[in-house]
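>>> Give me a 3D structure for the following:
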Amino acid sequence: MGQKGQSLIDILNQIERMGLLDSAQTWLTWRNLRSRLIHEYVENPEEFASALNTANLYAGELIAVAEHIHTWLQTLGLKEGWVG
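Now for the predicted structure:
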C-alpha cells in the first residue's frame, strides 16, 4: 500500500474499500481472538476449546482473503514469490 503513519483501522478500511477485505471489523475480530489465544492463559478447557473452534472457522475466511490479495497482486503484474 506504501503509506506510512496510518492506524491499523485506517489501513483496514482502505483495504476494505479496495474490495480486498469484506469487513475491517471482521479483521479486528480475528485479531482479537488471536491475541486472546496467544497472550491469555485460559483456565477453562471448554472456553479454550470454543475459542479454538472459532479460530478454525475464521481460518477459512482468512485464507480466502489471502487468496483474494494474491489474485489482486497478480493483476498488478507482480510475480509469484514476491515478498516485501
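
>>> And the longest helix belonging to the chain, how far out from the chain middle?
Counting by DSSP state H, the longest helix found in the chain is helix 45-75. In this view, helix 45-75 has its centroid 7 Å away from the chain centroid, taken as Cα atoms, centre = their mean, to the nearest Å.

>>> Identify each buried residue in it, please.
Going by neighbour count (16 or more other Cβ atoms under 10 Å), the buried part of helix 45-75 is 51, 58, 65. Quick note: C-beta positions are derived from backbone N, CA and C, even for glycine.

>>> Nearest to residue 14 among the residues you listed?
Residue 14 lies nearest to residue 65 out of the buried residues of helix 45-75, by Cβ to Cβ, at 14.4 Å.

>>> how about the nearest residue to the closest one, chain neighbours excluded?
Closest residue to residue 65 apart from its sequence neighbours, by Cβ to Cβ, 6 or more residues apart in numbering: residue 21 at 5.9 Å.

>>> what's stretch 29-44 in contact with?
48, 51, 52, 54, 55, 58, 61, 62 (Cβ atoms under 8 Å, 6 or more residues apart in numbering).

>>> try 10 Å
8, 12, 23, 47-52, 54-55, 58-59, 61-62, 65 (Cβ atoms under 10 Å, 6 or more residues apart in numbering).

>>> By pLDDT, rank these and give me the bottom one.
pLDDT is lowest at residue 8 among the contacts of stretch 29-44; the value there is 85.

>>> does that one really touch residue 24, like I thought?
Yes - Residue 8 is in contact with residue 24 according to Cβ atoms under 10 Å; the separation is 8.9 Å.

>>> Please identify which of the two sits among more neighbours.
residue 24 (18 against 11; other Cβ atoms under 10 Å).

>>> any idea how far the more buried one lies from residue 38?
Residue 24 sits 21 Å away from residue 38, going by Cβ to Cβ, to the nearest Å.

>>> Residue 74 too?
Relative to residue 38, residue 74 is positioned 31 Å away (Cβ to Cβ).

>>> For the longest helix of the chain, name the packing helices and strands.
Contact here means 3 or more Cβ pairs under 10 Å, 6 or more residues apart in numbering; DSSP states H and E; on that basis helix 45-75 packs against helix 24-39.
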